[in-house]
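fold the following.
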Amino acid sequence: MIEILNSARLERARDTGALVGGILHTLKTRTTVGTNLLDIDQWAKEMITEAGAQSCYVDYAPSFGRGPFGHYICTAVNDAVLHGLPHHYTLADGDLLTLDLAVARGGVAADAAISFLVGAARPAESVAMIETTERALAAGIAAAKPGARIGDLSHAIGTVLTEAGYPINTEFGGHGIGSTMHQDPHIANTGRPGRGYKLRPGLLLALEPWVMADTAALVTDADGWTLRSATGCRTAHSEHTIAITDNGAEILTLPTQARPSEGAARSGPAGGVRRRQSSSSTVSGARKERRP
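Take a look at the predicted model:
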């Protein structure tokens, strides 16, 4: 299913996106050496509930997972990259943590992910990998505009990842989003330009480049959910939900703290990427369409 949102539903998408971005920002600022992954999950639950939103994960039970996910956020540490099931683990200095969050409010979902290093340690390889996924995400967003094809976005993302020397797994990637978390079209993290679905105003997409340092192969944990690099190498993952507008792509899941003024957002920066200030004051990787 591919949904095209009208202006009223797009406003609700902006509200949900601001909520997701804000929760991730708050969780990142709270997380430090000694934080337990189960604490992060509880904080996410509290913020989602207080906002009157619904978790897209807690009851999520796709064919590839083991029963309902049962938690409110994905927490992937070091060699874990996707679907990280929160468990009893205390974060150490230098751990590479990915938080992936999807919620729905007002009948519209939004999905985003961030990777960051915990504590003071800054291993150069980990910093470079995180920055590469962020640059790939920015390239994909810059390519998103009415009339562009899904392959144009995939090609832009894949070019950045390949030039940085990372293998690319095409089993999981970005996806459409709307009234449900995962919809068509699938957006691989590499592809051929000029191919695939043509983008239209009102379309919501979740773009999510992710990489593993030295492999494209995944293994599944005994928990039935967490996907890790087959070699034990570190991983990184960056994601935003965007809306296709008449003027280009609008990033919906930026935290309020990172958003420019309303006037600047309406005019849009170079490249057609728009970052819109949300009116909300609330605190603020798929096999086709199937991943939390």
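
where's Asp223 relative to Gly65, distance?
Distance, Asp223 to Gly65, by C-beta to C-beta, to the nearest Å: 10 Å. Using the backbone N, CA and C atoms, a C-beta is placed for each residue, glycine as well.

of these two, who's got more company?
Gly65 (19 against 13; other C-beta atoms under 10 Å).

low-confidence ranges in this protein?
257-292 (pLDDT under 70).

can you tell me the SS state at Arg14?
What DSSP: H, G, I helix; E, B strand; the rest coil gives for Arg14 is helix.

against Thr226, how distant is it?
According to C-beta to C-beta, Arg14 and Thr226 sit 32 Å apart.

and Gly179, how many residues sit next to it?
Heads up, residue 179 is Ser, not Gly. Using other C-beta under 10 Å, the number of residues around Ser179 comes to 14.

you'd agree it is in a strand?
No: counting by three-state DSSP, Ser179 falls outside a strand, being coil.

quick one, what contacts it?
Each residue near Ser179 by C-beta atoms under 8 Å, 6 or more residues apart in numbering is listed here: 3, 104, 107-109.

same question for Ala188.
With C-beta under 8 Å, 6+ apart, Ala188 has these contacts: 154, 158, 170, 173-174.

closest to Ala51 among the residues you listed?
Of all the contacts of Ala188, Gly174 has the smallest distance to Ala51: 24.5 Å, by C-beta to C-beta.

verify the contact between that closest one and Glu208 for me.
Yes: between Gly174 and Glu208 there is a contact under C-beta atoms under 8 Å: 4.9 Å.

helices along the chain, start to end?
Remark: helices assigned in the chain by DSSP state H are 7-30, 37-50, 124-142, 150-163, 262-267.

now for the ones you listed, which one comes closest to Thr90?
Nearest to Thr90 among those is helix 37-50 (8.2 Å), distances taken as C-beta to C-beta.

what's the distance between Tyr2 and Thr162?
Not quite, residue 2 is Ile, not Tyr. According to C-beta to C-beta, Ile2 stands 28 Å off from Thr162.

name the nearest residue to Ser154, sequence neighbours excluded.
Nearest residue to Ser154, sequence neighbours excluded (C-beta to C-beta, 6 or more residues apart in numbering): Gly191, at 2.9 Å.

equivalent analysis for His155, please.
Nearest non-adjacent residue to His155, counting by C-beta to C-beta, 6+ apart: Pro193, 4.4 Å away.

surely that neighbour meets Leu153?
No: counting by C-beta under 8 Å, Pro193 sits too far from Leu153 to count as a contact (9.1 Å).

which one's more surrounded, those two?
Leu153 (30 against 16).

wait, that one sits on Gly140?
Yes: contact criterion C-beta under 8 Å: Leu153 and Gly140 qualify, at 4.7 Å.

pull up the overlap in contacts between the two.
In contact with both Leu153 and Gly140: 174, 187, 207, using C-beta under 8 Å, 6+ apart.

got JSON lines for those, with distance to Cys74 too?
Output for those, formatted as JSON lines (distance: C-beta to C-beta, whole Å):
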{"residue": "Gly174", "distance to Cys74": "15"}
{"residue": "Ile187", "distance to Cys74": "18"}
{"residue": "Leu207", "distance to Cys74": "17"}
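
quick one: buried ones out of those?
Those of these that meet the buried threshold are 174, 187, 207, by 16 or more other C-beta atoms under 10 Å.

I'd like to know which of those is nearest to Thr231.
For these, the minimum distance to Thr231 (C-beta to C-beta) is 24.2 Å, reached by Gly174.

now do the nearest residue in space to the closest one that is not next to it in sequence against Thr16, distance only.
Leaving aside its chain neighbours, Gly174 sits nearest to Ile187 (3.4 Å; criterion: C-beta to C-beta, 6+ apart). In this view, Ile187 and Thr16 are 19 Å apart by C-beta to C-beta.

also Ile157?
To Thr16, Ile157 is 23 Å away according to C-beta to C-beta.

residues touching stretch 56-72, excluding its own?
Taking C-beta under 8 Å, 6+ apart as the rule, stretch 56-72 contacts 41, 44-45, 48, 55, 73-74, 83, 85-86, 101-104, 109, 111, 181, 223-225, 287, 290-292.

among those residues, name the ones in strands.
Under the assignment DSSP state E, these contribute 55, 74, 101-104, 109, 111 to strands.
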